[in-house]
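> okay, sequence plus prediction incoming.
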Amino acid sequence: MQYIKNYIEENKDRFLDELFELIRIPSISSKSEHKEDLVKAAEQWKKIILSAGADKADVMPSEGNPVVYGEKIIDPKLPTVLVYAHYDVMPVDPLKLWNSPPFEPEVRDGKIWARGADDDKGQAFMHAKAFELMVKTNTLPCNVKFMIEGEEEIGSPSLGKFCEINKEMLKADIILVSDTGMIAPDIPSITSGLRGLAYMEVEVTGPNRDLHSGLFGGAVANPANVLAKLIASLHDENNQVTIPGFYDDVLIISDAERKEMAKAPFNIENYKKAIAINEIHGEEGYSTPERTGIRPTLDVNGIWGGYTEEGSKTIIPSKASAKISMRLVPDQDYKKIAQLFITHFQNITPPYVKVKVTELHGGHAYVSPTDMKAYIAAEKAYTETFGKKPVPVRSGGSIPIISTFEKILGIKSILMGFGLESDAIHSPNENFPLFNFYKGIETIPYFYKYYTEMMA
């Protein structure tokens, strides 16, 4: 449909200007000092949705950050697509590793560079512009609702209750999400599964204050040393997690499905080169894509304690802490896993230190059936714009709220991502290729077209 390409070409510079206005708002949900920025981002999204052609849009309160809701109902008898996205972003630390200021977006080498360029402001904005395109060209084939939250990067703690309260308002036939990625610029893919998440924080305490390491070293347990040993013990020689019961509920993928997954393009040498490692490392008996797609994992996300500033300060720290995340697969309950972790960590902590374990947030894994109408419509949409059939991929990432949507709203989600592994989401120098940004805007209207036809 040439009018889609024409509209994008005629408005592409304006699209970038508007996206950059949104990106410049430092809406970091994990830091309390950005509370006003989160409200500002929500208000900006209300403006974006209304200007795109929504009949109404509101910034609605939740127990946490506000949720932006908007809708355009052209005929109650037609299908309704609920677009879900988030306006919050990850912290930018370490700032010194950025090649340009994270909240001053710029285009270099055919890419948008900024925090939120991909995750999720860039990808979410594609939906607003695809919606605008359909409204302005009188080609919108069905009803559309938007729900854009500000707490996804901290586990969406308030959105479940928001959905419970507004269940009637959020009624839809499918939830459409672009917060995932593709295998490569020329290899489109649809995320058919997401891992779940259990996110913990541990704090090991020894003496009641930092001690002189010369006067007390060797006589008093060092919490940093102890924590390092405890963390090291969480994996065995085969890189399996040692927490009792951790694998009890893991869904075992059949050999036939593993063979199908293996057909997805993957070059191990390119993979290693892209992240500058000499060798891969992971659970024995599984390929790299399987380790991130169908197997659970445990990783330290941050570790600290003692003196870490410039120069020296010879102490035994009073405390040492770590943040630890476990990515989970279908049939693993994140609350059960969190409790197993707490019990195990407490059990292995020696008596010469004290330990505090806190569950931060989590969510269940999600599977998007490849035979449902929305998946087939997305498949047709990608085929139309990329000229090739997309590959189904089990993602190693997590979007905890997706499984909650199915539980509370009773609606399946389709995950049409356009990001790339090289986009460095959650890292310094996050970016999003212009090609993918515009291709997303081009592809999304085809999804609406094919989905509405299939639902007729």
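Now that the structure is in, tell me what you want to look at.

> how about the contacts made by Ala114?
Contact analysis of Ala114 by C-beta atoms under 8 Å, 6 or more residues apart in numbering lists 20, 23, 100, 102-106, 430-431. Quick note: C-beta positions are derived from backbone N, CA and C, even for glycine.

> give me the buried entries from those residues.
Members of the contacts of Ala114 that pass the buried threshold by neighbour count (16 or more other C-beta atoms under 10 Å) are listed as 20, 23, 102-103, 105, 430-431.

> I'd like the residues you listed written out as JSON lines, with secondary structure added.
Conversion of the buried ones among the contacts of Ala114 to JSON lines gives the following (DSSP: H, G, I helix; E, B strand; the rest coil):
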{"residue": "Phe20", "secondary structure": "helix"}
{"residue": "Ile23", "secondary structure": "helix"}
{"residue": "Pro102", "secondary structure": "coil"}
{"residue": "Phe103", "secondary structure": "coil"}
{"residue": "Pro105", "secondary structure": "coil"}
{"residue": "Glu430", "secondary structure": "coil"}
{"residue": "Asn431", "secondary structure": "strand"}
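
> strands of the stretch 251-400 of the chain, residue ranges please.
Counting by DSSP state E, counting those that start in this stretch, one finds strands in the stretch 251-400 of the chain at the ranges 297-305, 315-316, 319-328, 354-363, 366-367, 391-394.

> chain center to stretch 389-403, what's the gap?
Between the centre of stretch 389-403 and the centre of its host chain there is 9 Å, according to C-alpha atoms, centre = their mean, to the nearest Å.

> meant to ask about stretch 211-226, not that
On the basis of C-alpha atoms, centre = their mean, stretch 211-226 is displaced by 40 Å from the centre of the chain it belongs to.

> stretch 165-182 now?
On the basis of C-alpha atoms, centre = their mean, the separation between the geometric centre of stretch 165-182 and that of its chain is 15 Å.

> quick one: mean pLDDT for it?
Across stretch 165-182, pLDDT averages out at 98.

> start to end distance for that stretch?
For stretch 165-182, the first and last residues are 34 Å from each other (C-alpha to C-alpha, to the nearest Å).

> same question for stretch 135-148.
By C-alpha to C-alpha, one end of stretch 135-148 lies 20 Å from the other end.

> over to stretch 113-128?
Counting by C-alpha to C-alpha, you get 20 Å between the two ends of stretch 113-128.

> so what's Met261 scoring on pLDDT?
Turning to Met261, the model gives it a pLDDT of 81.

> which residues does it contact?
Counting by C-beta under 8 Å, 6+ apart, Met261 has contacts 253, 289-290, 293-294, 394.

> at 10 Å what do you get?
Residues in contact with Met261 (C-beta atoms under 10 Å, 6 or more residues apart in numbering) are 192, 253, 287, 289-290, 293-294, 391-394.

> helices of the stretch 101-250 of the chain, start to end?
Counting by DSSP state H, counting those that start in this stretch, the stretch 101-250 of the chain forms helices over residues 121-136, 159-165, 213-216, 223-232, given from the N-terminal end onward.

> out of those, which gets nearest to Phe447?
Closest of these to Phe447 is helix 121-136, at 8.7 Å (criterion: C-beta to C-beta).

> which helices and strands does that closest one pack with?
helix 2-23, helix 35-52, strand 67-72, strand 80-86, strand 143-149, strand 174-177, strand 431-433, helix 434-455 (3 or more C-beta pairs under 10 Å, 6 or more residues apart in numbering; DSSP states H and E).

> out of those, which is closest to Ala117?
Smallest distance to Ala117 across the helices and strands packed on helix 121-136 (C-beta to C-beta): 4.1 Å, for strand 431-433.
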